[in-house]
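Trainee: sequence and predicted structure are below.
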Amino acid sequence: MSDEIQLTLPAQEDFHHIAHLVVGGLGARHDLTYEQLEDLQLAVEALLGCRDDAGEISVHVTVVPGTVNATIGPFAPHALAALARDDETLGLRRVLETVADDFDVAEHDGSAWVELRKATAG
C-alpha cells in the first residue's frame with residue numbers, strides 16, 4: 001500500500017508543528033517504528049528551520065513499501081549552503097546524513113528543494 005500527502009503551510013515557525021502532526025499520522029498509518037518516525041520528523045524539522053518568513057513551504061511525503069520519500073521546499077539556494085559544507089559541526093548536513101538514508105538538493109522552478117529517502121521495515 002502506498003500513501004502520499006502534499007502539505008503547504010506558512011513558513012513561519014509557528015506552523016511547523018502542523019507538519020509534525022501530518023508526518024506523525026502518516027508514519028502511524030504505515031506502522032513506522034518509533035526510531036524511523038523520529039528520524040523523519042527530525043529531518044523535516046531541520047529543513048523547516050531553514051525558513052521563517054512570510055512565504056509558504058511545502059512538504060510532500062510518499063510512503064511506498066520499504067521507503068519513505070519526502071520533498072521539502074522551496075528554499076533560496078543560500079538557505080541550504082550548510083549542505084555544501086562537509087565539516088564536523090552539528091549542522092544541517094550532519095543531521096540529514098544521520099537521520100536520512102539519502103538526500104539530494106534538486107532545483108524546481110528556480111528554487112532549491114531537498115529530497116529525502118528513509119528506508120522502512122515494510
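Mentor: Nice, I can see it. Numbers count the residues shown, from 1 in each chain.

Trainee: list the buried residues in the lowest-mean-pLDDT helix or strand in the chain.
Mentor: Between all helices and strands in the chain, the lowest mean by mean pLDDT, DSSP states H and E belongs to helix 81-84, at a mean of 74. For helix 81-84, burial by neighbour count (16 or more other Cβ atoms under 10 Å) applies to 82-83. No exception for glycine: its C-beta is placed from N, CA and C like everyone else's.

Trainee: also stretch 46-53?
Mentor: For stretch 46-53, the neighbour count (16+ other Cβ under 10 Å) marks 46-48, 50-51 as buried.

Trainee: mind checking the pLDDT average for it?
Mentor: Here stretch 46-53 scores 90 as its mean pLDDT.

Trainee: what about that stretch, distance to the chain center?
Mentor: Remark: stretch 46-53 is offset 10 Å from the chain centroid, using Cα atoms, centre = their mean, to the nearest Å.

Trainee: quick check: which element contains L9?
Mentor: L9 belongs to strand 3-10 when assigned by DSSP states H and E.

Trainee: for W113, same thing?
Mentor: Judged by DSSP H and E, W113 forms part of strand 111-119.

Trainee: where exactly do the helices run in the chain?
Mentor: Taking DSSP state H, the helices of the chain run over residues 16-29, 34-48, 81-84, 92-99.
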